[in-house]
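S.K.: Pasting the sequence and the predicted model now:
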Amino acid sequence: MKNFFKTFLINKFQLLLKILFSCFLFLLISGNAFAQINVRGSVHDAKGEPLVGVNVIIVKSNKGVVTNTKGEFDINVSEENAEIEFSYVGFKTKKISLDGRTLLNIVMLEDNKLLDEYVVVGYGTQKKESVTGSVA
């Protein structure tokens, strides 16, 4: 009878060790699967001036941030090769593939054509070609 309890306890202990080892492996593997990569950087115009309020969005996701007063941003992505889109009023939208980079320095170019197409009138906007009269 004593031998039975001894083998019973040894079997339970071995089972407990297997369960604990399996949990450890699961946590180790799942930790890498949900790892976040911190990407930071700054956004400037062609003259080197920082751009405040640039939308920084991870393509194919709903995550995004806005640049601060120094034109800097900080965002977490789940993939090393994620694509990030930078957009700002009056500037051409820019898409960048990270390719493993975690520090970005983005220069955005002005889109003068976009600004010339609209004229603000009263409480709305109209295309320049549909406005009659003088436009200053």
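M.R.: Alright, I've got the coordinates.
S.K.: give the contact list for Leu98.
M.R.: 37, 39, 77, 79-84, 104 (CB atoms under 8 Å, 6 or more residues apart in numbering). Yep, even glycine has a C-beta here, placed from its N, CA and C like the rest.
S.K.: Just the buried positions in stretch 72-79, please.
M.R.: Across stretch 72-79, burial judged by 16 or more other CB atoms under 10 Å covers 73, 75, 77.
S.K.: what's the answer for stretch 80-90, then?
M.R.: Buried residues in stretch 80-90, counted by 16+ other CB under 10 Å: 82-84, 86, 88.
S.K.: gap between the two ends of it?
M.R.: Start and end residues of stretch 80-90 are separated by 30 Å (CA to CA, to the nearest Å).
S.K.: what mean pLDDT does that stretch have?
M.R.: Averaging pLDDT along stretch 80-90 yields 92.
S.K.: With stretch 110-123 instead?
M.R.: 65.
S.K.: name the helices or strands packed onto the top strand by length along the chain?
M.R.: Selection of the longest strand in the chain by residue count, based on DSSP state E, yields strand 37-45. For strand 37-45, the packing partners by 3 or more CB pairs under 8 Å, 6 or more residues apart in numbering; DSSP states H and E come out as strand 72-77, strand 103-108.
S.K.: This completes my enquiry, with thanks.
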